[in-house]
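Visitor: Show me how the following folds:
(2 chains)
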Amino acid sequence: MISAPDRPVVTRFAPSPTGDLHIGGGRTALFNWLYARGRGGKFLLRIEDTDRERSTPAATAAILQGLTWLGLDWDGEAVSQSAGKDRHAEVAHQMVARGTAYKCFSTQEEIASFRAAAEAGGRFAQFLSPWRDADPAAHPDAPFAIRMRAPRQGETVIADAVQGRVVIRNDTLDDMIVLRSDGTPTYMLAVVVDDHDMGVTHVIRGDDHLNNAARQQMVYDAMGWEVPVWAHIPLIHGPDGKKLSKRHGATAVGDYQAMGYPAVAMRNYLARLGWAHGDDEFFGDAEVLDWFALEGIGRAPARLDFKKLENLSGQHIAAMDDAALLHELDGFLAAAQRPALTPVQREAMSRALPYVKDRVKILPDLIDKAHFALITRPVVADAQAQVALDPAGQQLLKSLTPHLRNAQWAKEGLEPVLTAAATAAGIGFGKLAAPLRAALAGRTVTPSVYDMMLVIGQDETIARMEDAFG
RNA sequence: GGCCCGUUCGUCUAUCGGUUAGGACACCAGGUUUUCAACCUGGUAAGAGGGGUUCGACUCCCCUACGGGCUGCCA
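Guide: Sure thing, here's the model as predicted:
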């Protein structure tokens, strides 16, 4: 059984800044956030920029932005891993002093040719440094890398909260380099030192790191540090079951904002992808925060399913209060590089929201459904609407208008008026609604005519009708 | 090549030795209707394959197949 440390929970998300925040990274961050926040712990952010070649400030900014949109707030400042390189080097030298690491004078050329020879011979031998057991007195005055003196016998056991007990034979692992010959730390060293120094209690990350956990655990052991709880979660795959890549379309978290999914729906969907709490499908933050636990995480990779995301998105939009929805809409418009709502449109939108939000899937649908409220006179009729506004249609509107002038402006008041008009004309209600729809929205596909009339009001309704038959 | 992980309806999953294998999305059919939706009712659909263990396996063990990961002075 995996026993958590007595200390308060500290988790972290540690992306390397080499591109946008990937959807898989977003989910990893979410799991860490949920675990920490649900337990009153801390959620830290560390930018793994030890690879100076590939790391860019733009990528760091994109990652922070992606997390912010997802609503995953971190404690304190985001730390740069590169800032700790002196500390990393210090630990590497402490390991040498403790005898758990050693200086290796083999050059990169020697190692490369060893590997090339091994491969040519059809073997896949690991490189064993000849300096592992060399007498320090015989050390040359040359550049050296520091290698872990990994145990050659026995096995390393990873007690993983998701994967269970994973046993890795030590002789399948080599003496990994912890400090490069230029004095910079490798990832394997840096993560361990940083996680230890930051007091990280639970390492929740992609299962592509499962094997690395064995190597890293050796570093903890070498320094006599307490090993954190490991939790290696399966990766997300594309709809075709292959590893998610550019060719699957949207891979960056920001893409989803630009497509119009509300952040709360993303959190719901992403949390549910690879994690379950019984049959619960639709939930908000308060509930997941309460429910989330490592035990509920599955071990198989999950595929992205846009249909399901859309469904969840629709449910969240319907459930959200209008102010929050308007705020999401503003963010979406900006992310999609679409023009922002004018103050007048914003006002119209907030009046229309209660009538349209329960029948859409994504944010842009809101704009489309609220089209009738957003436009101003004169209403421009599209081709189909023009058909509905033929002479017969116009006549219907004309005879209806007077009755509307003294109608009580509520659904209960309007209903009798419209049905009476339809009956008088000897037609079904649908026939009457068609020209009305066309006059009020300039379209034939709109929300309910009653809803539209209530949103735009009596004067505007009558004015638009008069425009249509005038 | 070696090592590690995985495999329940099309998809996400429940099940933690005994269930007619449940739910959700999607899909199909019917209903409702004021267009598009939404909504209501019903339905199709699953334990990769083969061996064990057991009174009894989706569940435990082994093998095979398939998928993924690691095997760097990348992270």
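Visitor: ok, residue A:236 to residue A:304 distance?
Guide: With distances taken as Cβ to Cβ, to the nearest Å, residue A:236 is found 6 Å from residue A:304. C-beta: built from backbone N, CA, C; applies to glycine.
Visitor: Identify the contacts common to these two.
Guide: Here residue A:236 and residue A:304 have A:23, A:244, A:273 as joint contacts, going by Cβ atoms under 8 Å, 6 or more residues apart in numbering.
Visitor: Return only those of those found close to RNA strand B.
Guide: Among those, proximity to RNA strand B is found for residue A:273 (Cβ under 7 Å from any atom of the strand).
Visitor: SS state for residue A:468?
Guide: helix (DSSP: H, G, I helix; E, B strand; the rest coil).
Visitor: which residues touch it?
Guide: A:379, A:381, A:389, A:394, A:397, A:435, A:438, A:439.
Visitor: and residue A:236 and residue A:304? which has more neighbours close in?
Guide: residue A:236 (24 against 21; other Cβ atoms under 10 Å).
Visitor: Quick one: neighbours of the closest residue in space to residue A:222 that isn't next to it in sequence, just the number.
Guide: Once flanking residues are discounted, residue A:222 sits nearest to residue A:100: 3.5 Å by Cβ to Cβ, 6 or more residues apart in numbering. Residues lying near residue A:100 (other Cβ under 10 Å) number 19.
Visitor: my guess is residue A:100 meets residue A:148, correct?
Guide: Yes: the pair residue A:100 / residue A:148 is scored as a contact, 7.2 Å apart, by Cβ atoms under 8 Å.
Visitor: count of residues packed around the nearest residue to residue A:14 once chain neighbours are set aside?
Guide: Once flanking residues are discounted, residue A:14 sits nearest to residue A:46: 4.5 Å by Cβ to Cβ, 6+ apart. Other residues near residue A:46 number 21, with proximity taken as other Cβ under 10 Å.
Visitor: helix or strand for residue A:46, which one?
Guide: strand A:42-47 (DSSP states H and E).
Visitor: before we move on, what about residue A:25?
Guide: Counting by DSSP H and E, residue A:25 is part of helix A:23-37.
Visitor: What residues does the stretch 101-250 of chain A have near RNA strand B?
Guide: Residues of the stretch 101-250 of chain A lying near RNA strand B (Cβ under 7 Å from any atom of the strand): A:104, A:106-108, A:111, A:124, A:126-127, A:143, A:145, A:163-164, A:166-169, A:172, A:174, A:176-177, A:180-182, A:186-188, A:207-212, A:234-235, A:237, A:241-243.
Visitor: which other helices and strands contact the helix or strand containing residue A:214?
Guide: Using DSSP H and E, residue A:214 maps to helix A:210-223. If you count contacts as 3 or more Cβ pairs under 8 Å, 6 or more residues apart in numbering; DSSP states H and E, helix A:210-223 packs onto helix A:85-98, strand A:145-148, strand A:155-160, strand A:164-169, helix A:187-197, strand A:229-233.
Visitor: Could you pull up the mean pLDDT of it?
Guide: Mean per-residue pLDDT for helix A:210-223: 95.
Visitor: Need the residues that contact it.
Guide: Counting by Cβ under 8 Å, 6+ apart, A:91, A:94-95, A:98, A:100-101, A:148-151, A:156, A:158, A:160, A:163, A:166, A:168, A:173, A:176, A:178, A:188-189, A:191-193, A:196, A:203, A:226-227, A:230, A:232 sit against helix A:210-223.
Visitor: In CSV, list the C-alpha atoms belonging to it.
Guide: The C-alpha trace of helix A:210-223 is given here as CSV (Å, rounded to 0.1, in the frame of the first residue of the first chain):
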residue,chain,number,x,y,z
LEU,A,210,7.3,5.5,-15.4
ASN,A,211,10.7,4.0,-16.3
ASN,A,212,12.4,7.3,-15.4
ALA,A,213,10.9,7.0,-11.9
ALA,A,214,13.2,4.1,-11.2
ARG,A,215,16.3,6.1,-12.1
GLN,A,216,15.0,9.1,-10.2
GLN,A,217,14.3,7.0,-7.2
MET,A,218,17.9,6.0,-7.2
VAL,A,219,18.9,9.6,-6.8
TYR,A,220,16.5,10.0,-3.9
ASP,A,221,18.1,6.9,-2.3
ALA,A,222,21.6,8.2,-3.1
MET,A,223,20.9,11.4,-1.3
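Visitor: and the angle from it to strand A:229-233?
Guide: Following axes from the mean of the first three to the mean of the last three Cα atoms, to 10 degrees, one obtains 170 degrees for the angle between helix A:210-223 and strand A:229-233.
Visitor: Give the buried residues for helix A:210-223.
Guide: For helix A:210-223, a neighbour-count test (16 or more other Cβ atoms under 10 Å) marks A:210, A:212, A:213, A:214, A:215, A:216, A:217, A:218, A:219, A:220, A:222, A:223 as buried.
Visitor: Make sure residue A:440 is actually in contact with residue A:464.
Guide: Yes: counting by Cβ under 8 Å, residue A:464 is a contact partner of residue A:440 at 5.3 Å.
Visitor: hey, what's in contact with both of the two?
Guide: The contact lists of residue A:440 and residue A:464 share A:379, A:456, where a contact means Cβ under 8 Å, 6+ apart.
Visitor: can you list contacts of the strand holding residue A:46?
Guide: Contacts of strand A:42-47 (Cβ under 8 Å, 6+ apart): A:8-17, A:32-33, A:36-37, A:55, A:60, A:63-64, A:67, A:72-76, A:78-81, A:194, A:198, A:200.
Visitor: quick one: what helix or strand has residue A:433 in it?
Guide: helix A:429-441.
Visitor: what's near enough to touch the residue nearest to residue A:222?
Guide: Applying Cβ under 8 Å, 6+ apart to residue A:100 gives the contacts A:148, A:149, A:222, A:223.
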